[in-house]
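*Asks:* coordinates only, no sequence provided:
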């Protein structure tokens with residue numbers, strides 16, 4: 001298996017359309033059935049909860065990473081394989097990036113967007129080399145993909161920077177897209193600047 005530990009970044013909304021919640025649960029099942037371990041933000045609501053529950057149903061290991069401040073308001077999932085409590089959001093992100101062999105980005109809000117760009121920036125500098133998979137479920141990420149294309153068009157990214165991420169359309173093609181993700185070098189800083 002190329003990528004054992006799969007990070008999943010996604011929203012915690014309980015009031016989004018149920019199609020997003022259902023898709024997240026199915027993703028957890030698909031990853032678990034494929035014998036992947038899942039790591040995510042440790043939350044007990046929204047897509048986060050559904051991914052964890054779907055994977056746990058298959059018997060997969062699911063590790064949650066959650067900052068202390070969220071424990072204080074009881075946002076944590078209590079049925080995980082492991083719950084890692086971090087001092088803050090930055091430590092949470094750093095540990096998740098270090099421990100994920102690949103990372104999947106489902107629909108979400110500002111936190112998910114921040115994580116995508118933190119991961120992408122680390123990858124551009126060669127600090128992270130694992131695949132980044134954007135799940136453009138029912139066109140959710142169309143505006144973001146258009147923005148990424150415009151970043152390249154306006155010469156803030158090189159064409160090679162398209163290889164920092166891959167795009168899946170949903171659960172059905174996620175494993176195929178993950179397997180086909182381009183490799184990335186720890187020497188990527190040599191091509192980080194746009195020339």
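*Replies:* That came through fine. What you see is a predicted model; the values in this text were computed from it and never measured. Numbers count the residues shown, from 1 in each chain.

*Asks:* who are the packing partners of the helix or strand containing residue 116?
*Replies:* Using DSSP states H and E, residue 116 falls within helix 110-124. Contacts defined by 3 or more CB pairs under 8 Å, 6 or more residues apart in numbering; DSSP states H and E place helix 110-124 against strand 5-9, helix 89-99, strand 102-105, strand 132-135. Placement of C-beta: from N, CA and C, glycine included.

*Asks:* mind putting these into CSV with mean neighbour count?
*Replies:* Formatted as CSV, the helices and strands packed on helix 110-124 follow (neighbours: other CB atoms under 10 Å):
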stretch, mean neighbour count
strand 5-9, 25
helix 89-99, 16
strand 102-105, 24
strand 132-135, 23
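
*Asks:* any weak-confidence spans in this protein?
*Replies:* Residue ranges of the chain with pLDDT under 70: none are present.

*Asks:* swap in 90 and give it another go.
*Replies:* Residue ranges of the chain with pLDDT under 90: 1, 72-74, 195.

*Asks:* quick one, strands of it?
*Replies:* With strands called from DSSP state E, the chain shows them at 5-9, 37-40, 62-67, 82-86, 102-105, 132-135, 166-168.

*Asks:* residue 28: which of those is closest?
*Replies:* With CB to CB as the measure, strand 37-40 is the member of the strands of the chain nearest residue 28 (6.5 Å).

*Asks:* what about the closest one, distance to the chain center?
*Replies:* Relative to its chain's centre, strand 37-40 lies at 10 Å (CA atoms, centre = their mean, to the nearest Å).

*Asks:* show me what it is packed up against.
*Replies:* The contact analysis (3+ CB pairs under 8 Å, 6+ apart) places strand 37-40 against strand 5-9, helix 18-33, helix 46-57, strand 62-67.

*Asks:* thinking again about what came up before, could you list the buried residues of the helix holding residue 116?
*Replies:* 111, 112, 115, 116, 118, 119, 120, 122, 123, 124 (16 or more other CB atoms under 10 Å).

*Asks:* which of those residues sits closest to residue 186?
*Replies:* residue 123 (10.1 Å).

*Asks:* residue 184 is in contact with the closest one, correct?
*Replies:* Yes. Between residue 123 and residue 184 there is a contact under CB atoms under 8 Å: 6.1 Å.

*Asks:* would you mind listing the residues touching both of these two?
*Replies:* Shared contacts of residue 123 and residue 184 (CB atoms under 8 Å, 6 or more residues apart in numbering): 129, 130, 164.
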